Each structure stands twice: as structure tokens, then as C-alpha cells.
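Asks: sequence first, then the predicted structure:
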Amino acid sequence: MTLNDLVLTGDQEGEIQKIVKAIEHRDYLARIGLREIGKLLFVGPPGTGKTSVARALAHDLDLPFVEVKLSMITSQYLGETAKNVEKVFEVAKRLSPCILFMDEFDFVAKTRSSDEHAAIKRAVNTLLKSIDEISLIQDEVLLIGATNHPDQLDAAAWRRFDEIVNFPKPDRDMRADILRIVTREMDILDFEPTKLADMTEGLTGSDLRLVLREAVLEALTEERTTLTQQDLEDAIVDFEERDNLKNMDMIDGDHDALVAGGDFSDEADAASDGGHSHGHDH
Ligand SMILES: Nc1ncnc2c1ncn2[C@@H]1O[C@H](COP(=O)(O)OP(=O)(O)OP(=O)(O)O)[C@@H](O)[C@H]1O
Ligand SMILES: [Mg+2]
């Protein structure tokens, strides 16, 4: 996937331009002493293109892409975690010039607040120190962090990124553009992307891809490889029904958690404050 396959906000395009320029003029930036450049934090809900943009950037700049989820390097043997963090940064430096993508960045904050175990503290400190010590200008490693929960990141982690890039859910025009791009290779009769965009308020790029996939598979069950606008509209309705099921499941899940033990009662209360009246009988 390249950046041309992705629909970006003006803000996202601007940030990417800046990074591309910084890489291009690395020597100049080093000469004037600007070393604190090249650490981005992508912030936004699931399915809004954070991973895709990082990958596409690596592709378009022809750089190796090193991807780590923080949950992956958190060892059950907590003492190993700090070592894993160090290894990740070593690998990135060895592969440089490259992009180091650290997903689930909020995982740091979560583990830190839930458990003040010494080994976890050490791992977090190692991570913060490693981030401090890595530089796009000196080491040719572009660090991109990503999180769905910026509110859970503490100030110490937040402060280390020089640019925060927002990944909002796509607006109407973006949704229409995403639909146009995703369907580029498909045959669709009476295709009306703006009408579909009107019907898909609140859906992410990843949701739109799912809708398209459903429509294609539905049509295939009728041996059709040419879709119609109606196929897509039906798939949107199906998707919304699926989405409703998902929300129902969550409420029941909270309910089970309440019955099985008291541990989740705070979360369940918070969830039912969100306007769900169902299933809250404690
Ligand atoms: N703005 C967009 N333009 C085009 N495609 C998009 C866009 N946003 C998401 N997609 C598509 O949705 C799918 C999921 O996106 P991606 O995995 O990058 O989301 P994410 O933000 O990393 O989600 P998560 O937080 O769950 O990791 C990809 O196939 C991607 O191509
Ligand atoms: Mg992702």
C-alpha cells in the first residue's frame, strides 16, 4: 500500500511532508543543531489508518519497516521486558535508515498505573530513555508511536514526541474518497459514492473496507462479479446490524463480569453511564 491509496486529512499530509523534508535535509538539520525531530505519535480510534500510513510511508520512502506492539514485548517474565525494549531499539539502529513503528503505545501507561512492580518501572524507564537516545537526524531512525487511548498516556511519554498526528474518523468527503479508492478495480453499476458516504456517518476506513468486502462476497454467492449501488447499500445496512449486535454483546459481557466477581464493577458502572439502561440492576 502506498500513501496514494490512503485518504489523508490536510493536517496528516502536512505532517508527512515535514518528515519527508526532514529526512531529505538531514545534514542541514544536524548542522544547525536541530536534533529533536522525527518522533511522531499517531492518535486516533481503531481503523482510522494509523498502521497503514506508517507502512505506506516506509514503502514510499523505500525504508525498512520495524513494527512492534508494546504488548508483544512485555514478557510474562517481567525482568525480560526492559531487555526486550533495548533489543527493539538495537534492531532499529542496525537496520537504519528505517521506520520504527511502536503500536499500542498506551500499554506503557496502563502497566505503569496498574502495577508499580519494580521490573515494569524499569522497562518503562528503559523505553523512555531509548526514545530520548534515538534520533532521526543522528541514527536515521524515524520513530512512530500509535495509540487509541491518548488519555492514558502520561506526560513523560507524551512529551517525547515532537509531532502529534490526529487520526479522526473520516468525514463525508473522506468517506466518499475512501470508497472511490477501495473500489478502483471493481465494476459497480450506478456507483454513487457520495450517497454511500451520507449513509455511513461514523464509520472508519476499516469499516468501509469491511462493507465493500461483504458486498463483493454477497454478489459472488450469486455468481456475480459486477456489483450494483444497491449491493453496497444493502451491505451498509448489514454492517449496521452487525454493529448493533456488537454493542449488545458488550453490555451482556459487562453483566457477566458483574456476576462472576466484583472486580469489573467500576468499569460496568462507567459503561452503563454511557446511556445504556439495559443490564444494570446492581
Ligand atoms: N483514511 C483511510 N484511507 C484509506 N484506507 C483507510 C483509511 N483508514 C483506514 N483505512 C483502511 O482500513 C484498514 C485498517 O486501517 P489501519 O489498520 O491502518 O487502522 P489503525 O488506525 O492502525 O487501527 P488500529 O488502531 O486498530 O491499529 C486498512 O486496510 C486501511 O487501508
Ligand atoms: Mg494499527
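Replies: Received it, and whenever you're ready, just let me know what you need. Please read these numbers as outputs of a predicted model, since none were measured by experiment. Ligands and ions are numbered 1, 2, ... in the order given.

Asks: check which residues of stretch 68-77 are buried.
Replies: 68, 70, 73-74 (16 or more other C-beta atoms under 10 Å). C-betas here are computed from N, CA, C, even on glycine.

Asks: that stretch spans what distance, first to last residue?
Replies: One end of stretch 68-77 sits 18 Å from the other (C-alpha to C-alpha, to the nearest Å).

Asks: quick check: mean pLDDT of it?
Replies: For stretch 68-77, the mean per-residue pLDDT is 83.

Asks: contacts for it next, please.
Replies: Residues outside stretch 68-77 that contact it (C-beta atoms under 8 Å, 6 or more residues apart in numbering): 81, 84-85, 88, 100-105, 107-108, 111, 123.

Asks: mind checking if it is in reach of ligand 2?
Replies: No. Residues of stretch 68-77 are not located near ligand 2 by C-beta under 5 Å from the ion, the shortest gap being 8.9 Å.

Asks: any part of that stretch near ligand 1?
Replies: No. Against ligand 1, stretch 68-77 shows no contacts by C-beta under 6 Å from any ligand atom, the least distance being 9.1 Å.

Asks: same check on stretch 177-186?
Replies: Yes. Counting by C-beta under 6 Å from any ligand atom, ligand 1 has neighbours in stretch 177-186: Ile178.

Asks: with only the CA atoms kept, save that stretch in PDB.
Replies: Presented in PDB, the C-alpha positions along stretch 177-186 are these (Å, rounded to 0.1, in the frame of the first residue of the first chain):
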ATOM      1  CA  ASP A 177     -12.900   9.300  -1.400                       C
ATOM      2  CA  ILE A 178     -12.100   6.100   0.500                       C
ATOM      3  CA  LEU A 179     -15.000   4.300  -1.200                       C
ATOM      4  CA  ARG A 180     -13.700   5.500  -4.600                       C
ATOM      5  CA  ILE A 181     -10.200   4.300  -3.900                       C
ATOM      6  CA  VAL A 182     -11.200   0.900  -2.500                       C
ATOM      7  CA  THR A 183     -13.500   0.200  -5.400                       C
ATOM      8  CA  ARG A 184     -11.000   1.300  -8.100                       C
ATOM      9  CA  GLU A 185     -10.600  -2.200  -9.500                       C
ATOM     10  CA  MET A 186     -14.200  -3.200  -9.200                       C
END
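
Asks: who touches it?
Replies: 5-7, 170, 191, 193, 196-197, 205, 208-209, 212, 216, 227.

Asks: could you rerun that using 6 Å?
Replies: Contacts with stretch 177-186, where a contact means C-beta atoms under 6 Å, 6 or more residues apart in numbering, come from 5, 7, 193, 196, 205, 208-209, 212.
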